[in-house]
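Enquirer: Predicted model and sequence below, questions to follow.
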Amino acid sequence: MIDRTTCVTLARYNSWQNRQLREAVEGLTEADLIRDRGAHFGSILGTLNHLLWGDQIWMSRFDGGAGPGIPLAESPSLCARADLWATERFRTDARIMLWAEGLTAVELAGSMSWHSGATGRDVTRPVALCVLHMFNHQTHHRGQVHALLTAAGARAPVTDLCFMSESDGRL
């Protein structure tokens, strides 16, 4: 289904996209960032926080490290300010990249089990599917942020994977 090379490419894409989002939100006021725009997670910052929360919860399952420390329902409030979000985003992107670079075929094989707060039950799924889900979740919510930035009058970043250069996404 997937291999280490695919995961590294998707981790680079994630990092590249989030660097562009950090630059895009720097030009917005706090009011612009926290205004409820009718999105599922409310605001631009709320959606960015949820995306960061999702990456942290999945990484805690993949690498055994720390999770976000708050439940899903509180994910939009993970970081109170954009500068705090940017710092945590950078750290989490580095964590994802290091994990992806060290992946083995054995680690991508088999299944994993966890208790899902979203469904309220224990779940077992193939590891490779869960990894793809994490990267797909990132793309999905960055697409929402792209639309929210555009609606706020900000310049939204280029999101096309095929336009990522060899140097993009490198930490």
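Expert: Received it, and whenever you're ready, just let me know what you need. Numbering: from 1, shown residues only.
Enquirer: Now residue 161. Nearest residue, chain neighbours left out?
Expert: residue 13 (5.5 Å; CB to CB, 6 or more residues apart in numbering). Using the backbone N, CA and C atoms, a C-beta is placed for each residue, glycine as well.
Enquirer: neighbours of that neighbour, just the number please.
Expert: Each residue near residue 13 was counted by other CB atoms under 10 Å, and the total is 20.
Enquirer: Does it fall in a helix, a strand, or a coil region?
Expert: Reducing the assignment to helix, strand or coil with DSSP: H, G, I helix; E, B strand; the rest coil, the entry for residue 13 is helix.
Enquirer: Settle this for me: it is touching residue 162, isn't it.
Expert: No: judged on CB atoms under 8 Å, residue 13 makes no contact with residue 162 at a distance of 10.3 Å.
Enquirer: quick one: the helices in this protein?
Expert: For the chain, helices defined by DSSP state H occupy the ranges 4-26, 30-34, 44-63, 82-102, 105-108, 127-151.
Enquirer: burial count for the closest residue to residue 143 other than its chain neighbours?
Expert: Beyond its immediate neighbours in the sequence, the residue positioned closest to residue 143 (CB to CB, 6+ apart) is residue 159, lying 7.2 Å away. Residue 159 is flanked by 17 other residues according to other CB under 10 Å.
Enquirer: wait, isn't residue 159 in contact with residue 144?
Expert: No: using CB under 8 Å, residue 159 makes no contact with residue 144, being 11.5 Å away.
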